[in-house]
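K.L.:
Give me a model of this one.
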Amino acid sequence: MSLSTTISTISALDIAAQLELPPPTSEQQAVIEAPLTPTLVVAGAGSGKTETMANRVLWLLANGHARPDQILGLTFTRKAAGELGERINRRITELDRAGLMPMIAGTDDGDDSTAAAGSDLFNTPNVSTYNSFASRLFTDNALLLGREPESVLLSETSGWLLARRVVIEHGDGRLVPFGKSLDQVTDAVLQLSRALAENPPAWHDGAPGAPHDLAALAQSFAYLPDLPYGNPRKKKPYDSAVESLASVAPLPVLAELAAHYSSEKRRLGLIEFSDQVALALQVCQKVDAVVDRYRDQYRVVLLDEYQDTSVLQTELLHTLFRDHPVMAVGDPHQSIYGWRGASSANLLGFAQDFSAAASAPTMSLSFTWRNPARVLDTANALVAPLSEALRAKPGGIQVETLKVPTGTRPGTVDAVMAQTIAEEAGAVADWFAARLVGDHGPADYSGAMLFRARREMDYFAEVLRAHGVRAHVLGLGGLLSTPEVADVVSVLRVVHDPAAGSELVRLLSGARYRVGARDLAALADVARWLAGHDWAQQAISADLRGKLRASVAGDEGSSLVDALDFLGTAPDSHGQFDGFSELGRARVQSAGRQLAWLRSRAGLPLLDFVRLIEQEFRLDIELTANEANDLGLANLYSFHDTVAAFLDSDEQGTLASFLRWLKRAELQDDLGPRAELSEQGTVQLLTIHGAKGLEWDFVAIPNLTEKSLPAAARDTSGWLRFGELPYGFRGDRSELPELEIIGHETQLDYELAFQTYKAELATRHDDEERRLIYVATTRAKRELLLTGSFWGPGSTMRRPSRYLTELAEAGLIPAIPDTSDEVVKPDSAEDGTELWPFDPLGTRRALVEAAATRVAGSQADAPTRWSHAVTLLLEERALRLAGGAAAPVPTRIPASRFKDYVDDPAGVAAELRRPMPQRPYRATRLGTLFHSWVESRAGGATGTDRVDAALNELDFGTDDDGGTGTLSDLGVPEQEQFAVLQATFERSEWADRAPVDVEIEIHHVLGGQVFVCKLDAVYQTPTGFQVVDWKTGRAPKNAADLELKQTQLALYRLAYARWKGIDPSIVDAVFYFVADDTVIAPERLYSEADLLAAWSGAMTPVLDEASSESSSDSESMVSPEKL
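P.N.:
Sure thing, here's the model as predicted:
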């Protein structure tokens, strides 16, 4: 297939006019019409780069420079890839309709016909993430490396467990002196293994270089302790020499364990995220034909968010596309993911990497279409030092100062430096209330608070809600911080981990036990006493105590949990009870017995155990009775979904692995960009890392104080940490601080070199913090608020952030005081004085106790041990006979369960009142693995996008085929079934079609309810789009069953149409039952009105408590047959 050569040049302005689009600016036109050579585009925040890239594709197509399928577009996240791909495909359709697509010669022998390049809807540009592209490249060419194409991708938890097993099997006595726990060693091995994979030795003359010799590097430090001090007043070795030697000492053994881990992965046919790009690069380095094939396949390459690529990704790309038409678009000021290997230095090295002549034109997009003038002035002032530093570097790039188009509204930037954090939170809440609450602004305005760290989000969210402002803490951390979920997780940790002292204190001091401060101190005394005594409660000698202290890691020793267990079984006469009050002793003993009983049930299936904890702590009763907290039960249900998602992806599903998974997932959730859209009339609270790529009308940035934002560096030693790969072995080492190791004649010489190294680290950290504040300020579309406070949670006065000072000096905000008006921390800096432990009933206690007394006095019969159970059973029967009672419907409902609510509302109500155990999750492994395989095959990111495919993208639904899995989870019969499913799919009509969207989750609101729609795949058709839902189970039994199941497809159709902003009439939806190789399409899909009528009619009798309405349930319910 070839393009017709009779094509006249069409300008970007002509294309925009023909498609009735806004004309591009001169900068945009230059980028759109850039020559087909390696080109770098520096695009500032909000400068319309996605629109410009889409229009460049149109210009390339209209002028015959490439066919749609010859264009490759890569970006960082799945969300960004979806947005870019959707916009490009929509514009290609418009270009085709306008008659601007060139003609393609026929491909059949003797066929002289021609067709428009855009008439084949399957002939579309390939737009995906960097990792997805690398994954597909490796999979297609794995056999060339002697690897299996279907290598199983390790989940985060599975990889950790495998590394832990390697450490247990191959670890030796060399690890003992380091004083690290097994988990810490496992973390270090994983970190080092992944770093080595992402920074392989450079290739020379067609062959890989020598492996990184970490042992030799560690040995190069050995001479330092023997050097003379170099300072006559120095009486002991310099700390820098001693600590540096201690830091590198573990490298040889950790490197050996990392090698064992890599070997074990290969033996088992497993790969990790970090392996995919490395293996793809190996293929390209070893087989020139692969490079030639990709260069022939893609005539034009567009690289988005180039500043977020890692060194290894960059090396893969320039190995493939050096001296090729590559356009890289990025902003060095928005490179905020250095923790995962991203480096703005990639922009500086673009010409060297992609041009044999080491030269490439640099263009700019310097007009922002997002920020008002005042907000942009603020961002420019903050980022100016970084721009100057970039220009001053050898071969540096010119970063234009962002500008606003003529006529842009000025906007406002407000600043508050309050005395206390309580005053700061109140000022922020008042600011948002004046813009989002009541009649102050349009209903579609949105807001956000962007934090450097999560620790104070909950406090600000509470103050916002107290001022009538809706607040939503995004991410897993927001869910875990809710009181009811925090209680459940605390119990899980206390049951599992003897070192979970802080979680135990939360439980003991909470509403359930209400243990006071003096009794908690007595419990700590018991813990110290136990640490000094043996199993027979005999005191151990001081010598033995010292040896024991030296033999354990820092997180071991005295344990509050052990002390509580001891008191739970100790006789009342034991002397360790002397320090407790009478009430405190009773409460501590009760807590000890209850938690010990729960520990004995920890072997239950994880979800059953979570529900048991909720019942034992009466959380379900408390939340049902608490009318003021209408989200409490919804939070618990969301946590159940989180547990279910974990069980779907974990090999063992144990409590220990779940707690580790939570910890890792929460950290990843904070650092990665979020996929949620802004919420109208709501303030979203999230980290700055999560805010990249998003925008809101009103943005507040709190905690602008020194050591908060900019944050203090957590570690000032750089790579001199346990399990860190030395900078000298990293691909971006030229941009990293260098520590001079050899050639020193005295320890003082090394000390001076070490201090220089630390100063360079501090400068690098300051630059990273400045990029963060730039990203944060450029999220605001209308107004920006900057706040801080002198007195926070600590007892030391805080200083205003240097960013506030700089803005005040520039005249962009009012002057900020340097110090507080108060010499000591004022009482108002606290959240108020409260009695402790907190009384859960508060001022209502007298009324509640009086009511309870009246109820107890009215009972005629004395209760027996069976009274409670009998009462519950009788009430349950009465509810059943009465046709049900009000039951809280979950806030989020999987689309696949819509049919259950419509078909059997009474059954659903009963399930909500009394949840029954679910079938084992392993029954879904086959469908889970098939979905993951299809997604990966289609170029999706089945786990390949560590940041964007984080927890916020997990499928929280209960679809039978949802989740992710590994081939090792399946038995031999199931593996055979899986092979049959693969073969069937390869013969199906879907095998050669490329989906436009894969595995997308859309939250669709219908009748005030949120339905979670997880779409497997969406394909473009000549008439529009088609949603396909893969099914590995049985096809519908009859027409009635299909009629019910099709409600799921109807919801998917509506959700996708609303998500894309298109008419639902051009969206179709079908089931593909793979086992039967059968496509089932309903005769018609319900409209939104049909679904709303079904839902309203079915749920009215479930939720209506009036007996008169309960009696007419059968008449008011609308079944699918009645639609």
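
K.L.:
Going by C-alpha atoms from here, please, whenever you check contacts or count neighbours.
P.N.:
Will do.

K.L.:
list the helices and strands the longest helix along the chain packs on?
P.N.:
In terms of residue count, the longest helix belonging to the chain (DSSP state H) is helix 747-777. Applying 3 or more C-alpha pairs under 8 Å, 6 or more residues apart in numbering; DSSP states H and E, we find helix 747-777 packed against helix 239-248, helix 373-392, helix 688-691, strand 696-701.

K.L.:
list the buried ones in it?
P.N.:
By neighbour count with 16 or more other C-alpha atoms under 10 Å, helix 747-777 contains the buried residues 747-748, 750-751, 753-754, 756-758, 760-762, 765-777.

K.L.:
could you point out which element follows the helix or strand residue 259 falls within?
P.N.:
Element membership of residue 259, judged by DSSP states H and E, is helix 251-267. Later in the chain than helix 251-267, the nearest helix or strand by DSSP H and E is strand 270-271.

K.L.:
which helices and strands sit right next to that next one?
P.N.:
Partner elements for strand 270-271 (3+ C-alpha pairs under 8 Å, 6+ apart): strand 152-153.

K.L.:
Tabulate the CA atom coordinates of the helix holding residue 259 in PDB.
P.N.:
Output in PDB follows, covering the C-alpha atoms of helix 251-267 (Å, rounded to 0.1, in the frame of the first residue of the first chain):
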ATOM      1  CA  LEU A 251      27.000  -4.100  48.400                       C
ATOM      2  CA  PRO A 252      28.800  -7.400  47.500                       C
ATOM      3  CA  VAL A 253      26.400  -9.700  49.300                       C
ATOM      4  CA  LEU A 254      23.300  -7.700  48.100                       C
ATOM      5  CA  ALA A 255      24.700  -7.900  44.500                       C
ATOM      6  CA  GLU A 256      25.000 -11.700  44.800                       C
ATOM      7  CA  LEU A 257      21.400 -11.900  46.200                       C
ATOM      8  CA  ALA A 258      20.200  -9.700  43.300                       C
ATOM      9  CA  ALA A 259      21.900 -12.000  40.800                       C
ATOM     10  CA  HIS A 260      20.200 -15.000  42.500                       C
ATOM     11  CA  TYR A 261      16.900 -13.300  42.300                       C
ATOM     12  CA  SER A 262      17.300 -12.500  38.600                       C
ATOM     13  CA  SER A 263      18.300 -16.100  37.900                       C
ATOM     14  CA  GLU A 264      15.300 -17.400  39.700                       C
ATOM     15  CA  LYS A 265      13.000 -15.200  37.700                       C
ATOM     16  CA  ARG A 266      14.400 -16.500  34.500                       C
ATOM     17  CA  ARG A 267      14.200 -20.100  35.700                       C
END
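
K.L.:
Quick one: low-confidence residue ranges for the stretch 401-550 of the chain.
P.N.:
The model of the stretch 401-550 of the chain has pLDDT under 70 over residues 439-443, 534-537, 541-550.

K.L.:
Give me the number of neighbouring residues for residue 707.
P.N.:
14 (other C-alpha atoms under 10 Å).

K.L.:
mind giving me the domain ranges of this structure?
P.N.:
Using automatic domain parsing, the domains assigned to the chain come out as 12-137+280-365, 152-268, 412-474+674-829, 485-627+638-646, 892-915+922-1122.

K.L.:
Give me the pLDDT for residue 590.
P.N.:
On pLDDT, residue 590 comes in at 91.

K.L.:
Which residue, other than its chain neighbours, is closest to it?
P.N.:
residue 568 (6.9 Å; C-alpha to C-alpha, 6 or more residues apart in numbering).

K.L.:
quick one: contacts for the one you found?
P.N.:
588, 589, 590, 591, 592, 593 (C-alpha atoms under 8 Å, 6 or more residues apart in numbering).
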